[in-house]
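S.K.: Fold the following, please.
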Amino acid sequence: MSGEFERIASLRRLTAGRGRGVVLGVGDDGALLEPRPGFDTVISSDLLVEGVHFRRFWMTPEQLGFKAIAVSLSDLAAMGAAPSAILLGLGLPADVDDAFLEAFYRGATALAGRFEATIVGGDLSSSPGGLFVDSVLVGHVEQGRALRRDRARDGQDVYVSGVLGTSAAGLRLLESQDVRESRPGCYDSFVRAHLAPEPRVELGRELVLRGLASAAIDLSDGLSSDARHVATASSVGIVIDGDAVPAPAGLEPALHGGEQYELLFTADVGRRDALETLSVEIGLPLARIGRADRSVTGCWIEVEGRRDPLDPAGFDHFGSMRRRPDEF
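M.R.: Got it, this is the predicted structure:
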């Protein structure tokens, strides 16, 4: 097994090259990035901890590298930003060898390269416990045009991209026994949603460039939790039509299951046709699932004519009363 400096030299080779806005990448005390006149800088960080966010025996090193980048790309997507630079910090237990590390970086650089983002540095440390990954992403969005949680307005439509609840269902399948034999089709699609989420960077960028959305958030903690974040930040209520929620795994995981990384966003009613056009052009379903309503507080759900409070029940790292994404 290589020592720290040998591993850093190997990673420098794996991350060679400069992407958009990168002057100097891996190999110095810090990275150098070009300022982008007319743009705001967006920075996001995510921590993946073994035993909390992933199990190594469920996924390949490439998949873990892919997901480490995907979860932070999703935050940039929610703000409509184009990614630029990535910092990766890893805490490595003794049983992580060079082959694992190289495979991890292959997965990470493959996804980063799709969006012209470059791994420009980070840190390596030994870990006395499990593996952990800290990803920091830097992106840029046109000045004053970032999608924010506090910009939803009364009467606007509420949309979500893709489908919801499949990641939580995938987690349940991974934890169950003999599931490959009993539900092979569901296993493939739901587990893929959990292990290899697709960050909606293109959607976020198009929403900004076409001026179609006002507020947005990614659904990392679950619809019930993340919709409430938007409602609270924007001082509006949000009313969800339960029948309109795209929920192939069932309504309960769609409402409360985390790690889906789709986007929830609000848009003026007059943007409906333009959003239908965008959906077709980028090949991504966009479902209108509710509305912002200043006459109510918090989040509500309507099913078969009955309206009930939609209380947050997604994953909370420190909330003992919240359910994990797999507990449905």
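
S.K.: could you show me where the helices are in the stretch 1-150 of the chain, in order?
M.R.: 4-14, 61-78, 98-114 (DSSP state H, counting those that start in this stretch).

S.K.: Got the confidence number for Leu33?
M.R.: In this model, Leu33 is scored at 82, pLDDT.

S.K.: and it, what does it touch?
M.R.: Residues near Leu33 by C-beta atoms under 8 Å, 6 or more residues apart in numbering: 21-23, 84-85, 120, 138. (C-beta placed from N, C-alpha, C; glycine too.)

S.K.: Pick the most buried one from the helices of the stretch 1-150 of the chain.
M.R.: helix 61-78 (a mean of 26; mean count of other C-beta atoms under 10 Å).

S.K.: pretty sure Leu90 is touching Leu131, no?
M.R.: Yes: at 7.3 Å, Leu90 and Leu131 qualify as touching, with contact defined as C-beta atoms under 8 Å.

S.K.: quick revisit: quick one: the contacts of Leu33 as a markdown table, columns for neighbour count, pLDDT and distance to Glu262 too.
M.R.: Converted to a markdown table, these look like this (neighbours: other C-beta atoms under 10 Å; pLDDT from 0 to 100; distance: C-beta to C-beta, whole Å):
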| residue | neighbour count | pLDDT | distance to Glu262 |
| --- | --- | --- | --- |
| Gly21 | 23 | 69 | 27 |
| Val22 | 21 | 73 | 29 |
| Val23 | 10 | 70 | 34 |
| Ser84 | 25 | 92 | 23 |
| Ala85 | 25 | 93 | 25 |
| Val120 | 27 | 90 | 28 |
| Val138 | 23 | 94 | 23 |
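
S.K.: Please state the mean pLDDT value computed over stretch 66-79.
M.R.: For stretch 66-79, the mean per-residue pLDDT is 96.

S.K.: and if you look at stretch 200-208?
M.R.: Here the average pLDDT along stretch 200-208 is 98.

S.K.: got the residue ranges for the strands in the stretch 101-250 of the chain?
M.R.: Remark: strands assigned in the stretch 101-250 of the chain by DSSP state E, counting those that start in this stretch are 118-126, 132-142, 157-161, 216-218, 237-241.

S.K.: Quick check: which of those strands is buried the most?
M.R.: Among the strands of the stretch 101-250 of the chain, highest average neighbours (mean count of other C-beta under 10 Å) belong to strand 216-218, with a mean of 27.

S.K.: mind listing what it pairs with, with the direction of each?
M.R.: strand 263-267 (antiparallel) (DSSP bridges).

S.K.: which other residues reach the partner strand?
M.R.: In contact with strand 263-267 (C-beta under 8 Å, 6+ apart) are residues 77-78, 147, 151-153, 156-161, 200, 203-204, 207, 212-219, 223, 226-227, 230, 234, 275, 292.

S.K.: Which helix or strand lies directly C-terminal to that strand?
M.R.: Once strand 263-267 ends, the next helix or strand along the chain (criterion: DSSP states H and E) is helix 272-282.

S.K.: Packing partners of the helix or strand just after that next one?
M.R.: Following helix 272-282 in sequence order, the next helix or strand is strand 286-293 (DSSP H and E). Here strand 286-293 touches strand 157-161, strand 237-241, helix 272-282, going by 3 or more C-beta pairs under 8 Å, 6 or more residues apart in numbering; DSSP states H and E.

S.K.: Format the ones you listed as JSON lines; extra columns: mean pLDDT and distance to Ala169.
M.R.: JSON lines is the format used below for those (pLDDT from 0 to 100; distance: least, C-beta to C-beta, whole Å):
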{"stretch": "strand 157-161", "mean pLDDT": "98", "distance to Ala169": "16"}
{"stretch": "strand 237-241", "mean pLDDT": "98", "distance to Ala169": "19"}
{"stretch": "helix 272-282", "mean pLDDT": "98", "distance to Ala169": "23"}
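
S.K.: Of those, which is nearest Arg114?
M.R.: Set against Arg114 and scored by C-beta to C-beta, the helices and strands packed on strand 286-293 come closest in helix 272-282, at 14.3 Å.
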